[in-house]
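Colleague: got a predicted structure here, sequence first:
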Amino acid sequence: MSIAVIGAGAFGTALAVSLAANGPVTLWGRDAARIRNNPRLPGVTLPPQVTPTTDLAQAARAETLVLALPAQVLGGFLAENAALLDGKALVSAAKGIDLTTLTGPSQLIARACPAATAAVLTGPSFAADIARGLPTALTLACTDPERGEALQHCLSTPVLRLYLSSDVTGAELGGALKNVIAIAAGAAIGSGQGDSARAAIITRGFAEMTRLATDLGAEAQTLTGLSGLGDLTLTCTSDQSRNYRFGHSRGAREDFDRSTTVEGAATAQAVGAIAEKRGIDMPIVQAVAALVSTQVSVEKLMDQLLNRPLRKE
């Protein structure tokens with residue numbers, strides 16, 4: 001099964017490097033120089049099995065396309081290039097909720113490319129670790145069992161282990177929502193609230209994640225796996241996490257590189273709108289949405305959270 005990775009950012013490049021262990025991979029990006037020397041992956045070079053290209057038509061000849069594009073870019077890309085992409089196996093590596101449609105990657109794929117096989121690749125992972133060949137376990141979610149199993153074997157490598165799930169909703173919501181909670185965790189540490197506050201945010205944030213995901217039809221068990229609790233733990237506790245670093249900068253009142261993609265910022269606003277519409281209580285998500293869209297201080301938001309009515313766990 002031929003493979004192309006669409007998107008030569010840090011994660012897309014890392015996936016291409018890892019997948020090259022199985023055979024030829026095409027890596028598509030808009031900037032030829034950046035494809036070969038990604039500034040976010042210093043010291044990482046493309047192996048001979050990876051063919052870089054700026055020609056999307058060339059990349060789209062592959063049977064399986066891994067879409068390593070930001071969640072807020074994915075919908076527009078799919079709509080613009082549907083003729084090239086429809087009928088393929090499209091595996092989204094985005095971790096977010098589209099702010100315009102309030103839907104996840106699988107629904108964006110289904111809407112733009114109804115004849116495609118939609119799948120989601122998500123879980124606890126950093127691009128630098130994957131690119132260096134460090135062991136990583138991810139969730140591959142697909143509603144078609146036969147195609148899902150074929151993709152699982154195609155995209156697994158000696159150091160990249162994929163666990164198959166049929167719960168696409170749960171997998172993509174776990175990946176999207178953990179970014180929002182990571183911003184809150186980073187803000188707590190950055191503002192000096194301490195590790196105990198971070199632990200509380202992770203725990204209560206996980207409860208919010210599960211609450212929304214199950215209301216939208218996901219299986220609660222999915223959220224306890226790699227794509228939920230696993231990714232949440234990693235993202236809330238490591239400086240490698242862009243979302244954590246973004247929250248930390250807000251909490252510490254420091255500048256943050258605006259060129260860095262922070263999926264959780266837009267997702268917080270999207271999820272906040274979904275939660276309000278469905279009447280679901282998500283105070284941490286709402287606090288993050290307020291933090292990224294206004295100048296409300298972390299201290300004020302923490303005070304609001306701590307002064308909520310006492311309740312049973």
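Modeller: Cool, got the structure. Numbers count the residues shown, from 1 in each chain.
Colleague: C-alpha from now on. contacts and neighbour counts both.
Modeller: Fine.
Colleague: quick one: the strands in the stretch 101-250 of the chain, in order.
Modeller: Assigned by DSSP state E, counting those that start in this stretch, the stretch 101-250 of the chain shows strands spanning 117-122, 136-142, 160-165.
Colleague: deepest-packed of those strands, please.
Modeller: By mean neighbour count, with neighbours taken as mean count of other CA atoms under 10 Å, strand 117-122 ranks first of these at a mean of 26.
Colleague: can you give me the helices in the stretch 51-200 of the chain?
Modeller: In chain order, the stretch 51-200 of the chain shows helices spanning 56-59, 71-80, 82-85, 105-112, 127-131, 145-155, 168-190, 195-215, with DSSP state H, counting those that start in this stretch as the criterion.
Colleague: neighbours around the closest residue to T169 other than its chain neighbours, how many?
Modeller: Nearest residue to T169, sequence neighbours excluded (CA to CA, 6 or more residues apart in numbering): A218, at 5.4 Å. The tally of other residues near A218 (other CA atoms under 10 Å) stands at 21.
Colleague: do G228 as well
Modeller: With neighbours defined by other CA under 10 Å, the count for G228 comes to 29.
Colleague: mind checking pLDDT for Q304?
Modeller: In this model, Q304 is scored at 76, pLDDT.
Colleague: roughly how far does M282 sit from L216?
Modeller: To L216, M282 is 14 Å away according to CA to CA, to the nearest Å.
Colleague: neighbour count for these two, which is higher?
Modeller: Neighbours per residue (other CA under 10 Å) separate M282 from L216, with M282 holding more: 19 against 14.
Colleague: and the more buried one, how far from T224?
Modeller: Counting by CA to CA, the gap from M282 to T224 is 18 Å.
Colleague: next: N179.
Modeller: 16 Å.
Colleague: repeat that for V180.
Modeller: Following CA to CA, the distance that separates V180 from T224 is 17 Å.
Colleague: these two: which is more packed in?
Modeller: Residue environment comparison for V180 versus T224 gives the larger neighbour count to V180, 34 against 17, counting by other CA under 10 Å.
Colleague: surely the more buried one touches A265?
Modeller: Yes: between V180 and A265 a contact is recorded at 6.9 Å, counting by CA atoms under 8 Å.
Colleague: got any residues that touch both of the two?
Modeller: Residues touching both V180 and A265 (CA atoms under 8 Å, 6 or more residues apart in numbering): N243, V288.
Colleague: quick one: end-to-end distance for stretch 43-54.
Modeller: The first and final residues of stretch 43-54 sit 22 Å from each other (CA to CA).
Colleague: mind listing what's buried in that stretch?
Modeller: Along stretch 43-54, these residues count as buried under the neighbour rule (16 or more other CA atoms under 10 Å): V44, T45, L46, Q49, V50, T51, P52, T53, T54.
Colleague: list the contacts for the residue lying closest to the first one once chain neighbours are set aside?
Modeller: Which is V44. Using CA to CA, 6+ apart and skipping residues adjacent in sequence, the residue nearest V44 is A131, 6.9 Å away. Shown in contact with A131 (CA under 8 Å, 6+ apart): T13, A14, L15, V17, S18, L41, V44.
Colleague: could you report the pLDDT at A131?
Modeller: For A131, the model assigns a pLDDT of 97.
Colleague: so T222 is in contact with D231, correct?
Modeller: No: counting by CA under 8 Å, no contact exists between T222 and D231, whose distance comes to 11.8 Å.
Colleague: run through who's touching the helix or strand bottoming out on mean pLDDT in the chain.
Modeller: Sorting the helices and strands of the chain by mean pLDDT, DSSP states H and E puts helix 298-306 at the bottom, at a mean of 77. For helix 298-306, contacts defined as CA under 8 Å, 6+ apart pick out A187, A188, S191, R250, G251, P283, I284, A287, L291.
Colleague: show me which of the residues you listed are buried.
Modeller: When neighbours are counted using 16+ other CA under 10 Å, the contacts of helix 298-306 contain these buried positions: A187, A188, S191, R250, G251, P283, I284, A287, L291.
Colleague: which of these lies closest to L84?
Modeller: The shortest gap between L84 and any of these belongs to L291, at 39.1 Å (CA to CA).
Colleague: the closest one - that's part of a helix, no?
Modeller: Yes: when the secondary structure is assigned by DSSP: H, G, I helix; E, B strand; the rest coil, L291 falls within a helix.
Colleague: give me every residue that touches it.
Modeller: Shown here is L291, whose contacts under the criterion CA under 8 Å, 6+ apart are S297, V298, L301.
Colleague: dump the residue contacts of the nearest residue to P24 once chain neighbours are set aside.
Modeller: Here the nearest residue to P24 in space, its sequence neighbours aside, is Q49; by CA to CA, 6+ apart that works out to 4.6 Å. If you count contacts by CA under 8 Å, 6+ apart, Q49 has them with A20, G23, P24, V25.
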